[in-house]
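Trainee: Got a sequence here, can you model it:
(chains A and B)
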Amino acid sequence: MAEASESTLSVDVWRGAAEGRFQTFQVPRRAHQTILDVVTEIQRDQDATLSYRFACRVGMCGSCAMVVNGRPRWTCRTRVSEAVTGDGKLQLEPLRNFTVVKDLTVDMAAFFDKWRDAKGHFEPAPIEKDGEPGSPMPQADFQVVPPATPERQAADAGIECIGCGVCHSACDVVAWNKDYLGPAPLNRAWTLVNDVRDAGNDARIDAVSGSAGCHACHSHMNCTEFCPRGIAPTYSIAGLKRAMISRALGRKS
Amino acid sequence: MTAILFIAQRASAAVLAFAVTVHLATILYAIRGGLTAGEVLARTRENHWFFAFYVLFVLMVSVHAPIGLRNVIREWTPWQGRSLDVVLALFALLLLATGFRAAAAMYLPPDVVVG
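Mentor: Residues are numbered from 1 along each chain as shown, chains lettered A, B, ... in the order given. Presented below is the predicted three-dimensional model:
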């Protein structure tokens, strides 16, 4: 990597909010450098006013997602060598389909509001003690769903989502329909539909069956292509469509 | 409502996938030897199978096409409300009327004048 470390990267970074421009920085290229390293180096050594967001640096928190040379990705888990053009250029933009706060930082509030709207929270089944229906409290003990069972595997398929917003940035339908719930909230809803402990599916399937719900998906599969966790929200959305059809036809989903 | 339209759209598509294939294959087969319109009509008139097939075809088109148009219009234009649904319901009726007229003209004997 001696050659690479001697060369220089030309990095176009978005400055501003909805209105703004690209500012070009020259950054030394280093061995094993990540995109997040590049952004941090610019902010520390060249322009302290650059705003960006990160926390864990190891692909657990999902806060450092940006659009790198046109592709939404986690900057902490993307090496420069994976993303850079042949002539050493990088273009860094904030995630698309979000309101830009400043530079590379976006407002995630509307995104997480959609998780709420898709009923993306666990709804515990009420306790039944000595044959009497109890108050809507969580079960007294762990409800074991053995890992080898099909029920558990169905719920596990989409459970590793960390809410980074990469799929939301990549989704065409989100781009043209601001009300569309989007791949991450729908993937969360499908994960809970498959959770045998959850008791909130009636309200959840209603919530995802509107015109801004799972039907709006065009199955372009951008979410599945770009998800850094390897989740396939497209299949989750297809599952919700099936669950909705089963429910509309009177079968148990 | 969205759920019902979604199911109707998919179910009609499933029938149309079969019906369009039969329709196209029949056309290609029929004109292969250079049949005239009159010769085609001689074969379709009072053929109950042909008539039943095209009645089904027209019904499915009248369900499928307006729902698809509704989706496209709602996605690409600001027109969302009740007026859109009314216009598309009328469009469905237009498809039904013209479709049945065509099917009847193919089926009924030549001395019956179709409206």
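Trainee: which stretches of chain B aren't confidently modelled?
Mentor: Under the criterion of pLDDT under 70, the regions of chain B flagged as low confidence span B:1, B:112-115.
Trainee: Could you tell me which residues of it lie near chain A?
Mentor: If contact is defined as C-beta under 8 Å from any C-beta of the partner chain, the residues of chain B in contact with chain A are B:2-4, B:6-7, B:10, B:74-76. C-betas here are computed from N, CA, C, even on glycine.
Trainee: how about A:Val80, what does it touch?
Mentor: Residues in contact with A:Val80 (C-beta atoms under 8 Å, 6 or more residues apart in numbering or on different chains) are A:9, A:29, A:33-35, A:37-38, A:90.
Trainee: tally of neighbours for the closest residue to chain B within chain A?
Mentor: Taking C-beta to the nearest C-beta as the measure, chain A has A:Ala248 as its residue closest to chain B, at 4.6 Å. A:Ala248 is surrounded by 16 other residues when neighbours are defined as other C-beta atoms under 10 Å in any protein chain shown.
Trainee: Next one, pLDDT for it please.
Mentor: The score at A:Ala248 is 85. That number is its pLDDT.
Trainee: Any chance of the contacts of A:Val80 in JSON lines with secondary structure and neighbour count as columns?
Mentor: Formatted as JSON lines, the entries for the contacts of A:Val80 read as follows, by DSSP: H, G, I helix; E, B strand; the rest coil; neighbours: other C-beta atoms under 10 Å in any protein chain shown:
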{"residue": "A:Leu9", "secondary structure": "strand", "neighbour count": "22"}
{"residue": "A:Arg29", "secondary structure": "coil", "neighbour count": "18"}
{"residue": "A:Gln33", "secondary structure": "coil", "neighbour count": "20"}
{"residue": "A:Thr34", "secondary structure": "strand", "neighbour count": "21"}
{"residue": "A:Ile35", "secondary structure": "helix", "neighbour count": "26"}
{"residue": "A:Asp37", "secondary structure": "helix", "neighbour count": "17"}
{"residue": "A:Val38", "secondary structure": "helix", "neighbour count": "26"}
{"residue": "A:Leu90", "secondary structure": "strand", "neighbour count": "20"}
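Trainee: List just the nearest of those to A:Glu19.
Mentor: Among these, A:Leu90 lies closest to A:Glu19 (C-beta to C-beta), at 22.1 Å.
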